[in-house]
Structures are given as C-alpha cells and as structure tokens.
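# Have a look; sequence and predicted model below, questions after that.
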Amino acid sequence: MVTRTVFGLLVVGLLAAALASCHPFESLDDPFANVIDDLDTSNSDGTTNVDAVDGAVSDGGDGGAADGSGDLPEVEDPCSGILCGPAEQCIVDSTLEGRCLPIPCEVACPPDMLCVNGGCECKPGKADCDNKPDTGCETSLSNDPEHCGGCWTRCIEGQLCLEGVCDCPAKCPNEQDLPICVDFQSDVSNCGACGQVCDDSQFCFDGQCKCLDSLSECTEQCVNLRTDPNHCGGCEVTCSTGQACCGGGCVDLLSDVENCGTCGNLCPSYLNASASCAEGLCGTDCDEGYADCDVVPGCEVYLLDPSSCGVSCLALADCGSGDCRSVPGGRGCTCDGQTACTTGTCVGTECSCGSVLCATAELCCDDGFGYQCSAKNSMDSCGACGNICPNNQVCVAGVCSNCTFGHDACDGICAVLLNDTSNCGSCGNICSTNQSCVGGQCF
C-alpha cells in the first residue's frame, strides 16, 4: 500500500515539473508524454519496483517532495526563467501550460500585411511607398519600375523591374542609332524583334502584333466588323454599292428606318402612323384612314368621319378617304368655312385642284381643259369661276370694277395711256427699251 502511494506522488511531481516548462517551439498538448517511460518501475514478473522510486519520496508517504525537489519551478509560475526565441513570448493558457508564441498584434492586420513582433508589417515583396494608411501595402517591389526592390528605387528609361531588380531584357538602336532598352514582349516599335513595328490598330503582346479588342483580323488586316463595308459582320462580307455597314449588317441609308441617313439614326413612330425613311430623311406614313392635319407629329384625324374630315364638309357633301366630295345637288366642300370648293378636294384649309394645291388667293376652276388654279382677280374668274369682266372693266378684290378717271382698262389693269410704256396711246402698244411714252407716243 505504501509503495503505491509513493509511486503516485512521484508521478504527480513529475507532471508538475512538465507543466512548469516552456521551451521554444515545443508543444505541450500531451503533458503526460514520456513521463511514465522515464521511470523503470516494472519488474519482469509484473510487480512494482519500489527501489526505483524509494529515494525520490520521504518514508512518511505524505506527498511532500523529496530532498532536492525544490529546484523545480512552481506550477503557478510555469514561464519563470524560460527564454523564448526572437519576436516570441511565453504565454500561459487556461491549462496553465506555458508556450513560446509570436507576440500578438492588438488589432487584426489587413490581408496584405503580417503580424511581426506585435506590429503589422507588409508581406515580403510589398511596401507602403505612399505612406497612406488607407492604401495599405499598395506597391509591388518585384515589378514596379518606380519602386524596384525598394520604395523610390527607380529603373532608368527602358529598363524593366524583374523580381525586384532593374534589368534590360533587350537593346535596339533608337533614332540616333544609340542602343536603348526595349521589351520585345510589349514594345509596339520593337515587337518580337528590333524594328518590328505594329500599326495603329494593333498592340504588342507576347512579342506579336495583335488587333485591338474592338477589331478583328481579316486578310492580315485589323478591321471593324461592325462598320467595314468590305468585312461587314464577317471577313470578306462585302456590302453592295450604295449600302453601308451598320452594326455588322449591310443597310441602305436612304431608306432604312433604323439607319436613316447615318448609322444608328432611328426614325420615330407616332400615333396611327409608322416611321418611314426617304432619301435619308425620316418621315411618317399615316395608317389607312388617318391623316396628319396639325403641326404635331402623328396622324390624329380619322378621315372616314364626315364630322372630322380634316375640315368640315358642307351640306349635301360626303367624306371619302379624307376628302369632301360632292353628291347630287351638293356644292362640294369648304376649306375655310366660307368659300366653296366646287371640285378637287380639301387639304387642310386649302382647296386642291386635282392633284395641285391652289394658293389662298386662287380658285380651282374648269377652263374647258380641266380644272386649274386661277387667281381670284382674273378677268375670266373674278371672285368666282366663270365670272368674266367686260373689256372696259378690271377685277379688283374679286369684283368687276370701272377704272378711275384718266385710266383705261387694259388686259385686267387700269393704265394711263399718255405715259404707260406698255400701253402707250392704246392698250398693248409697247415702247422700245430705250424709248419713253410722252403724250401717248413713244420717243
């Protein structure tokens, strides 16, 4: 019984010594490791070897330490006297184990930094060269020619920063025939070799001239498949004469409503109408039965409505396709609400004479050869179609009138025969260019 007690006390003492130790980089996850192995306490017959531990504890078996055990550190101070490595400190956790661990940082370091000796430092190859906390370690010292290997360590013109060292990968003669550093991988003037020049539509990548992202290579040229009429939408797809390449498709700029006049010029659509393009100009085609009778874009008038025929029809007139038409016994239509249009059609507030739109001061009259526009002051239709003025009168404001004293009616005008070079002495007598009419005679 005494033997087992003594053995137990010895084990406890050794465990306390193990817990009190803090060695650099040593893990104490298993404090019982190697403790029992260091004690040769078993005999070959399975009995306990009391002699192995007899001198390590007192005969009283009261758990006190044997002579010489006072050199072990107390459990309450496991890191006493322990020397950790650089940038480390002995830290005690909740199990009273002492460990040599890196000195922690008070705050978490950003992703591009490391915690070193209690402070945040840039990772190898990175640096804070602008001294701005909000940008962190913004500079790569391995490939930045302005900070090659260190902040503000600049490479000379033409050199590259390779792995933090300024280097000249290749040399080519400049315009003065002096050697300069070039990069065959990216130099558009020396792409792949000295003097190998890429054109304006190319860039140098991996020592080869490549087309810009917006261009494609066709027949050894960089072309824009969206605008090139010789490669429209694909290599060697040629647009016909008069066509343009818009968005990768061949179109006629004179008639295409989506590309009217220029690529991308979309003609708008309006109420009761569809867009149109003629000669490169946008227009509007009214839907069947509708018309545009105001200045606002769109076809707002329903032409088959007699009360809204673009204009109002007179009594005994009907409306067909937007035109007021005479019916038996009717007077046709009125364009301005006052004057009757005896034939033709009304267009807005005007009266059209067949396919001709007569002016405001004109009438649409049948002269025996068809309807024609005639002036309201004409001698043959003075104020109305067929109202012929006598030879001794003229038509004034649509009324046949006599000339005032001293004037004679000549072909619709009142002339003074005594001094009128076009009617000198009589109607129609015209003086020569260098003559004057005096007293009714040309001189």
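Structure received.

# which residues does Cys181 bridge with?
Counting by DSSP bridges, Cys181 forms beta bridges with Lys171.

# Would you agree it is in contact with Leu162?
No: applying Cβ atoms under 8 Å as the test, Cys181 and Leu162 come out as separate, 11.8 Å apart. C-beta coordinates here come from the backbone N, C-alpha and C atoms, glycine included.

# what's near enough to touch the closest residue to Leu212 other than its chain neighbours?
Among residues not flanking Leu212 along the chain, Ser201 sits closest, at 5.8 Å (Cβ to Cβ, 6 or more residues apart in numbering). For Ser201, the contacting residues are 211-212, 215, 222, by Cβ atoms under 8 Å, 6 or more residues apart in numbering.

# Kindly report the same for Thr262.
Leu253.

# ok, now His407?
His407 neighbours (Cβ under 8 Å, 6+ apart): 414-416.

# Repeat that for Cys277.
254-257, 260-261, 267, 283.

# Model confidence score at it, please.
At Cys277, the pLDDT value in this model is 94.

# Same check on Glu163?
At Glu163, pLDDT is 89.

# Excluding chain neighbours, give the residue nearest to it in space.
Ser142 (5.5 Å).

# nearest residue to Glu217 other than its sequence neighbours?
Cys211 (5.1 Å).

# Can you give me the separation between that neighbour and Asp199?
10 Å (Cβ to Cβ, to the nearest Å).

# who touches both of the two?
By Cβ under 8 Å, 6+ apart, the residues touching both Cys211 and Asp199 are Cys222.

# Among the two, which residue is more densely surrounded?
For the pair Cys211 and Asp199, the greater number of neighbours falls to Cys211 (18 against 10), based on other Cβ atoms under 10 Å.

# Check which helices and strands the helix or strand containing Cys166 sits against.
Taking DSSP states H and E as the criterion, Cys166 maps to strand 165-167. Applying 3 or more Cβ pairs under 8 Å, 6 or more residues apart in numbering; DSSP states H and E, we find strand 165-167 packed against strand 160-162.

# I'd like to know which elements the strand it packs on is packed against.
Using 3+ Cβ pairs under 8 Å, 6+ apart, strand 160-162 sits against strand 165-167.

# partners of the strand it packs on in the sheet?
Partners of strand 165-167 in its sheet, by DSSP bridges: strand 160-162 (antiparallel).

# How about residues contacting the strand it pairs with?
Against strand 160-162 from outside (Cβ under 8 Å, 6+ apart): 142-145, 148-149, 155, 166-169, 181, 183.

# If you count neighbours, what's buried in it?
By neighbour count on 16 or more other Cβ atoms under 10 Å, the buried set for strand 160-162 is 160-161.

# about what we covered before: only the buried subset of the contacts of strand 160-162, as a ChimeraX command please.
To isolate the buried ones among the contacts of strand 160-162 in ChimeraX, judged by 16+ other Cβ under 10 Å, type:
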select :142,144,145,148,149,155,166,168,181,183
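
# Just give me the closest of the contacts of strand 160-162 to Cys410.
For these, the residue nearest Cys410 by Cβ to Cβ is Asp183; the value is 96.2 Å.

# backbone phi and psi for the closest one, please?
Here is the backbone geometry of Asp183 (degrees, to the nearest 10): phi -120, psi 110.

# Isn't it up against Cys172?
No: at 10.2 Å, Asp183 does not count as touching Cys172 under the criterion of Cβ under 8 Å.

# Residues that sit against both of these two, list them.
Common neighbours of Asp183 and Cys172 (Cβ under 8 Å, 6+ apart) are Asn190.

# Three-state assignment for Val197, please.
coil (DSSP: H, G, I helix; E, B strand; the rest coil).

# count of residues packed around it?
12.

# Contact partners for the residue lying closest to it once chain neighbours are set aside?
The shortest distance from Val197 to any non-neighbouring residue, by Cβ to Cβ, 6+ apart, is to Ser189 (5.4 Å). If a contact means Cβ under 8 Å, 6+ apart, then Ser189 has 182, 195, 197-198 as its contacts.

# Those: which two are farthest apart?
So, the contacts of Ser189 by Cβ to Cβ: farthest apart are Val182 and Cys198, at 13.1 Å.

# ok, for Gly248, nearest residue in space, not its chain neighbours?
That would be Gly233: by Cβ to Cβ, 6+ apart, it lies 3.9 Å from Gly248.

# Isn't that neighbour up against Cys246?
No: the criterion here is Cβ under 8 Å, and Gly233 misses it with Cys246 at 10.3 Å.

# hey, what's in contact with both of the two?
With Cβ under 8 Å, 6+ apart as the test, Gly233 and Cys246 both reach Arg226.

# And those two? Which one has more around it.
Remark: of Gly233 and Cys246, Cys246 carries more neighbours, 21 against 14, as counted by other Cβ under 10 Å.

# from what I can see that one touches Gly261, true?
No: under the criterion of Cβ under 8 Å, Cys246 makes no contact with Gly261, lying 11.2 Å away.

# List the residues that are in contact with both of these two.
Leu253.

# Please, where are all the strands along the stretch 151-300 of the chain?
160-162, 165-167, 170-173, 179-182, 202-205, 208-211, 216-218, 221-223, 244-246, 249-251, 273-278, 281-286, 290-291 (DSSP state E, counting those that start in this stretch).

# hey, which of these is tucked in deepest?
strand 244-246 (a mean of 21; mean count of other Cβ atoms under 10 Å).

# returning to what we had before: phi, psi of the residue nearest to Gly248?
Dihedral angles (degrees, to the nearest 10) for Gly233: phi 80, psi -10.

# likewise Pro133?
Per degrees, to the nearest 10, the backbone of Pro133 is at phi -60, psi -30.

# Tell me how far it lies from Val116.
Taking Cβ to Cβ, one finds Pro133 at 17 Å from Val116.

# Look at these two and report which has more neighbours.
Neighbour totals were compared for Pro133 and Val116, and Val116 leads with 14 against 8 (other Cβ under 10 Å).
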